[in-house]
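**Q** Starting from these lines, generate the structure:
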Amino acid sequence: YFDYRSYRCAYIPNELAFWKWLDPLNVALFLLLPIVIVIVTTIWLLFLVKRSSGANKKAIFIMLPVSIVFVVSYAPIGAYFVTESWIVEAAGDNLATDFWYRNLYRYGMLVKFVNNSANPIIYFATLRSFRKFVRYRMFLRHNRHSMQRSQKTTTTRQTIERKL
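**A** Purely as a prediction, here's the structure:
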């Protein structure tokens, strides 16, 4: 069976106790800590915006969905990394057929990328200036191509008329 873990840069534990704690330390520093920071700052922003008005309230309509999508998309892979040793221990010799071992990592990695693809959609839905920018760039590119086509057509017509 195909296993995504073979592509993961992981430490192989040996007799040294240091290696056994390095993977959980990495998970705590680079996965759980950012999630906690995002949750705490979002809650802090909610309280801050509650006391203010105007443009600050618009910011929360952008930050709240971005934060929620970030936490939800990184939660499955975080759950896997936190419980990985227990999953491997519970699976025993049946790692190839164990549901949690095979699927939690795979789907956790897949869902993690939802965050990257959801952010532009959230910005487009919540920021009027982002919508204008995207529409302008799309229209400008489309308009440029149509102008180039019309110029080519005009020069072709002029060339044909000259020859006649």
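
**Q** only C-alpha atoms for contact and neighbour calcs from this point on.
**A** Fine.

**Q** ok, which stretches of the protein are helices?
**A** For the chain, the helices defined by DSSP state H occupy 17-27, 33-51, 55-91, 99-112, 114-126, 128-163.

**Q** Give me the buried positions along the fifth one.
**A** Using 16 or more other CA atoms under 10 Å as the burial criterion, the residues of helix 114-126 that qualify are 115, 118-119, 122-124, 126.

**Q** Just put the helices of the chain in TSV and tack on mean pLDDT.
**A** Listed next are the helices of the chain as TSV, based on pLDDT from 0 to 100:
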stretch	mean pLDDT
helix 17-27	73
helix 33-51	86
helix 55-91	84
helix 99-112	85
helix 114-126	90
helix 128-163	66
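
**Q** And the buried residues of helix 114-126, which is closest to S85?
**A** Distance to S85, by CA to CA, is smallest for N115 among the buried residues of helix 114-126, at 26.2 Å.

**Q** Contact partners for the closest one?
**A** Taking CA atoms under 8 Å, 6 or more residues apart in numbering, we find N115 in contact with 69-70, 73.

**Q** In JSON lines, list those residues along with neighbour count.
**A** Formatted as JSON lines, the entries for the contacts of N115 read as follows, by neighbours: other CA atoms under 10 Å:
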{"residue": "V69", "neighbour count": "19"}
{"residue": "F70", "neighbour count": "22"}
{"residue": "S73", "neighbour count": "21"}
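
**Q** Give me the neighbour count for V66.
**A** When counting by other CA atoms under 10 Å, one arrives at 20 neighbours for V66.

**Q** what about it, distance to Y101?
**A** V66 is 29 Å from Y101, where distance means CA to CA, to the nearest Å.

**Q** Cross-check the contact I'm expecting between I35 and S73.
**A** No: distance between I35 and S73: 10.3 Å, which falls outside the contact criterion (CA atoms under 8 Å).

**Q** picking that back up, please dump the contacts of N115 into CSV; it should also carry distance to T42 for every row.
**A** Written out in CSV, the entries for those read as follows (distance: CA to CA, whole Å):
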residue, distance to T42
V69, 12
F70, 11
S73, 16
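
**Q** can you tell me which residues contact M138?
**A** Contacts for M138 were tallied using CA under 8 Å, 6+ apart; there are none.

**Q** wait, I meant M109
**A** With contacts defined as CA under 8 Å, 6+ apart, the neighbours of M109 are 76-77.

**Q** and of the buried residues of helix 114-126, the nearest to R51?
**A** Once CA to CA is applied, the member of the buried residues of helix 114-126 that ends up nearest R51 is T126, at 21.4 Å.
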